[in-house]
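[1] Sequence first, then the predicted structure, then my questions.
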Amino acid sequence: MALKISIGQYYAAASPVHALDARVKLWCVLATLVAIFCAANAAQLVLAVTFVAVLLALSRVPAGRVVASVRHLMAFLAVLSLFNLLFVRTGAVVAALGPVSVTSGGITAAVLYTARFALALVTGSLVMLTTTPTQLADAFDRMLSPLSRVGLPGHEIAMVFSLMMRFVPTLADETSAIIDAQALRGGAFDEGGPVRRVRSIVPVVVALLASGLRHADGLSRALDARCYEGGAGRTHLHEQHLSAREAAAAALTASFVVLLALLGLLF
Amino acid sequence: MTSAPVPIRLSHVSLVYEGGVVALDDVSLEVARGERICVLGANGSGKSTLASVICGLLAPDAGAVELVGERVCSDGRPDLEAYRRARRNLGLVFQNPDDQIVTSVVEDDVAFGPENLGLPREEIAARVARELHRVALDDYAAADPSRLSGGQKQRVAIAGALAMEPDVLVLDEPGSLLDVRGRSAILRVMGRLAKAGTTLVHVTHFMEEAVEADRVIVLDRGRIVLEGTPDEVFAHGTELLELGLEVPFAARLSQRLGLPWTCSEKDVVDAIAGVPFGDRTLLGHRPDVPKASCPQMGHLISVEHASFSYSGRAQALDDVSLEVAPGVSTAIIGQTGSGKSTLLRLLCGLEVPDSGRVVVAGNDTSTKRGRKAVRGVVGYVMQHPERQLFAETVEKDVAFGPRNLRLSADEVSRRVNRALELVGLAGKREASPFQLSGGQRRLCALAGILAMEPEVLILDEPTAGLDPRGRAMLRRVLGRLRERGITLVQVTHSMEDAARCDRVVALDQSRLVAVGTPREVFSPKNEERLTKGGLGIPRSLRVARELERRGWPALGEPLTTDELVAAISETLNDSKGDCPLLNHREVR
């Protein structure tokens, strides 16, 4: 059993989306996501699809890469839309087979919700693919800096987030190795009754916890050795500046939101 | 940079961990600017603690410490502000590359230290470029560290430490989790740094790595027991063995042959080649070397034209066929990424070949039932198996497998006893596996697999990361298993370990390049291919080939030091015991 975790896998490329200041990128994406979830009619959906397609093209990330990163969640969405199709009972009955019937409301719900979620997923994964965890952490750091002013650990939260991103692949590899090892000692996840299955989690979780503690130990040594003392006095290799690019991004996002709102009023 | 005369000065330093474990006991040490020091010691000798004290991460309980001109600790009282200032001029690289990399982009990681020092942006960029160039990773600036090999990651860590321009760089077992190629790359970087005048403190348990140092310090139970130049220290061969260390190959060979003491392989070869002997052609008969017995009675494992690729990635195995007879021990050798570990995963039914088949004890792994049956026959000791330990006591951990088989309580305890007996941990059954030494932890994990009573034991680099004592313990246990007729298949980076097996399988870039007895695989016709593939041949064989190139008659295929010494003495037609070369010289 191999765990494939694709969150946080940065795809290096030279594109305006990659170069965008991460703070501006996050605010723009936030606005885009809200707008996408407000899309209710066909024209708005078409606009949203177009907009996301433009972003994808601008980012120079291969479409296959984006699809691969959201593949598992898409499967979940497919199931969700099937439920919508079969269980939403509003509107006229379009087709019926025995006790199962499909209504027009069901079709609308299935298409709308699936499209919204799919667009949101693609947009979200685009952020992860075009932004390095360091940039994300720095952006959070700046966005959370008001917290620091009132005495909350804004910078430290951002640092913890960045380290988490860094250790996800390492721990995922170790988890699958431990699962394999315990399975070969007869403690397989996918065998036996429910009690046995739950019990078989313990040897994996305990071993993983021990390994996590070992990593934490090593990491604290590394942070100390490299003079990490929190956010104060730190400089950044990648200084983030606001420039014409950021203004253009904000303008593009704003026009998308306005256009979407107009389409909502018109239709 | 400070202009302190002595970068590091420890006087009468002692450090005791919780529970009364004495890690350092009255250690006094001075390191001069530009000096390259190597600290040797077995696991638990206190060498890692010493590294932490030297780079300002641990304050001792007693004694005085002066680091880069800062008096950080006197009479066991630490001055935290002085420590902070000192740390800015001290760099550390340690064992596990994964724990030292804090970001997901190589360049950002190298920049992390300088960023913490609050340097201006342009300065950071210049240092990042310079240090990545120094460790030969210029092209990897934008790469994701988790996709790099262990050796490359460790070089990123070194670049990250150097980018802070430390007065002293401390390396705490930087190569112990790496393969041979990764380790030699690290050593090359260290050589360049030493030449550039960087003060280096290198902690290791690989004796070969100490040969280049200006000064070697040997620690045992927190005390400095030997100190001097490499030649001086390695002259204490027996003492080192008692301390759980070993002597470098060249030193061992020169000692066995009664030659002047040296740690350099080239000097040994020069010395042997320089010994005059009479009629070379007449004496030049091949010494009798016993042929490895290889029982041929059907195959326990057969791999037929197996190919495999992990989804979406390049071919990991390409048309590999091989057979393993029962009771035979097989070594799989190959570079990192050659497909060795994948082959093992196929053998235990964790993966199924895309084409071809794998049959173990008559069970084809392509069906679920077949895989289940294979799991009953095969025991798989993955890399760093101690990571799978989880129970409160050694006994409970070892019992995990047999319990899952739903055996009777008597049978479970019989198997646990037998497995613990086999690995020599019977006295530790009530201990927590997390309190054992590194070598013992690995043996405990091995016992957990042996308790399943497998016919075939599959091991992925069983000695990786262990100190000499741990390696010796593990080899003894494997020898015992072999005597009991258990079929062993192991991936190894050590050509010496491979030479001790009945059969050797060499993989290169997903393909099988050689298979046969060690003598066949390491034969002259394969030598070039193996060396080109970055694998090389056993050291004894390498010395024999070099002597032959210098005009010696054929020495056969000596795979171990014993065989080499025997071959050389026999060629010199002198069987007067331990010091054939010197005796020989005196006789003529």
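    Thanks, I have it.
[2] I figured B:Val320 hits B:Leu343, correct?
    Yes. Using CB atoms under 8 Å, B:Val320 is in contact with B:Leu343, at 6.6 Å. No exception for glycine: its C-beta is placed from N, CA and C like everyone else's.
[3] Was I right to think B:Val303 contacts B:Asp364?
    No. Assessed by CB under 8 Å, B:Val303 is found out of contact with B:Asp364, at 11.4 Å.
[4] Quick check: neighbours shared by the two?
    B:Arg357, B:Val358 (CB atoms under 8 Å, 6 or more residues apart in numbering or on different chains).
[5] These two - which one has more neighbours?
    Neighbours were tallied for B:Val303 and for B:Asp364 using other CB atoms under 10 Å in any protein chain shown; the higher tally belongs to B:Val303 (24 against 17).
[6] What residues of the helix or strand in which A:Val205 is found count as buried?
    For A:Val205, the element it lies in under DSSP states H and E is helix A:201-225. Going by neighbour count (16 or more other CB atoms under 10 Å in any protein chain shown), the buried part of helix A:201-225 is A:203-204, A:206-208, A:210-211, A:215, A:218-219, A:221-225.
[7] right, and the helix or strand after that helix?
    From helix A:201-225, the next helix or strand downstream (DSSP H and E) is helix A:244-266.
[8] Any chance you could give me that next one in CSV, C-alpha atoms only?
    The C-alpha coordinates for helix A:244-266 follow below in CSV (Å, rounded to 0.1, in the frame of the first residue of the first chain):
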residue,chain,number,x,y,z
ALA,A,244,2.5,46.3,-11.7
ARG,A,245,2.1,42.5,-11.8
GLU,A,246,0.3,42.4,-8.5
ALA,A,247,-1.9,45.3,-9.6
ALA,A,248,-2.7,43.5,-12.8
ALA,A,249,-3.6,40.4,-10.8
ALA,A,250,-5.9,42.3,-8.5
ALA,A,251,-7.5,44.0,-11.5
LEU,A,252,-8.1,40.7,-13.3
THR,A,253,-9.6,39.1,-10.2
ALA,A,254,-11.8,42.2,-9.6
SER,A,255,-13.1,42.2,-13.1
PHE,A,256,-13.9,38.5,-12.9
VAL,A,257,-15.9,39.1,-9.7
VAL,A,258,-17.7,42.1,-11.1
LEU,A,259,-18.5,40.3,-14.4
LEU,A,260,-19.8,37.3,-12.4
ALA,A,261,-22.0,39.5,-10.3
LEU,A,262,-23.4,41.2,-13.4
LEU,A,263,-24.2,37.9,-15.1
GLY,A,264,-26.0,36.9,-11.9
LEU,A,265,-28.2,40.1,-12.2
LEU,A,266,-28.8,39.7,-15.9
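[9] Strands along the stretch 451-588 of chain B, start to end?
    Ranges of strands in the stretch 451-588 of chain B, per DSSP state E, counting those that start in this stretch, are B:456-460, B:487-491, B:503-508, B:511-516.
[10] what does the first one contact?
    With CB under 8 Å, 6+ apart as the contact definition, strand B:456-460 has outside contacts at B:300-301, B:324, B:340-341, B:344, B:347-348, B:360-361, B:377-383, B:449-450, B:478, B:481, B:486-491.
[11] How about residues contacting the helix holding A:Val205?
    With CB under 8 Å, 6+ apart as the test, helix A:201-225 has contacts from A:163, A:167, A:170-171, A:174-175, A:178-179, A:182, A:187, A:189, B:52, B:55, B:57, B:87, B:90-92, B:94-96, B:98-100, B:102, B:161, B:387-391, B:400, B:434.
[12] Just the buried ones out of the residues you listed, please.
    Buried, going by 16+ other CB under 10 Å: A:163, A:167, A:170-171, A:174-175, A:178-179, A:182, A:187, B:52, B:55, B:57, B:87, B:90-92, B:94-96, B:98-100, B:102, B:161, B:387-391, B:400, out of these.
[13] Can you give the distance of stretch B:404-419 from its chain's centre?
    On the basis of CA atoms, centre = their mean, to the nearest Å, stretch B:404-419 sits 34 Å off its chain's mean C-alpha point.
[14] What would that stretch look like as CSV? C-alpha coordinates only.
    This file holds the C-alpha atoms of stretch B:404-419, laid out as CSV (Å, rounded to 0.1, in the frame of the first residue of the first chain):
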residue,chain,number,x,y,z
ASN,B,404,-1.4,-12.3,14.5
LEU,B,405,-1.0,-15.8,13.3
ARG,B,406,-3.3,-16.8,16.2
LEU,B,407,-0.9,-19.4,17.5
SER,B,408,-1.4,-20.9,20.9
ALA,B,409,0.2,-19.1,23.9
ASP,B,410,2.7,-21.8,24.3
GLU,B,411,3.7,-21.7,20.6
VAL,B,412,4.0,-17.9,20.7
SER,B,413,6.3,-18.0,23.7
ARG,B,414,8.3,-20.8,22.2
ARG,B,415,8.8,-18.8,19.1
VAL,B,416,9.6,-15.6,20.9
ASN,B,417,12.2,-17.4,23.1
ARG,B,418,13.8,-19.0,20.1
ALA,B,419,14.0,-15.7,18.1
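[15] in that stretch, what's buried?
    Buried residues in stretch B:404-419, counted by 16+ other CB under 10 Å: B:Asn404, B:Leu407, B:Val412, B:Arg415, B:Val416, B:Ala419.
[16] Next: stretch B:200-213.
    Result for stretch B:200-213 [16+ other CB under 10 Å]: buried residues B:200-213.
[17] related to what we said a few turns ago, need the strands of the stretch 451-588 of chain B in CSV (columns: mean neighbour count and distance to B:Ala271).
    Listed next are the strands of the stretch 451-588 of chain B as CSV, based on neighbours: other CB atoms under 10 Å in any protein chain shown; distance: least, CB to CB, whole Å:
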stretch, mean neighbour count, distance to B:Ala271
strand B:456-460, 23, 38
strand B:487-491, 24, 35
strand B:503-508, 24, 30
strand B:511-516, 18, 32
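[18] Export the ones you listed to JSON lines and append columns for distance to B:Gly113 and mean pLDDT.
    Shown next, in JSON lines, are the strands of the stretch 451-588 of chain B (distance: least, CB to CB, whole Å; pLDDT from 0 to 100):
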{"stretch": "strand B:456-460", "distance to B:Gly113": "34", "mean pLDDT": "94"}
{"stretch": "strand B:487-491", "distance to B:Gly113": "35", "mean pLDDT": "95"}
{"stretch": "strand B:503-508", "distance to B:Gly113": "38", "mean pLDDT": "92"}
{"stretch": "strand B:511-516", "distance to B:Gly113": "42", "mean pLDDT": "90"}
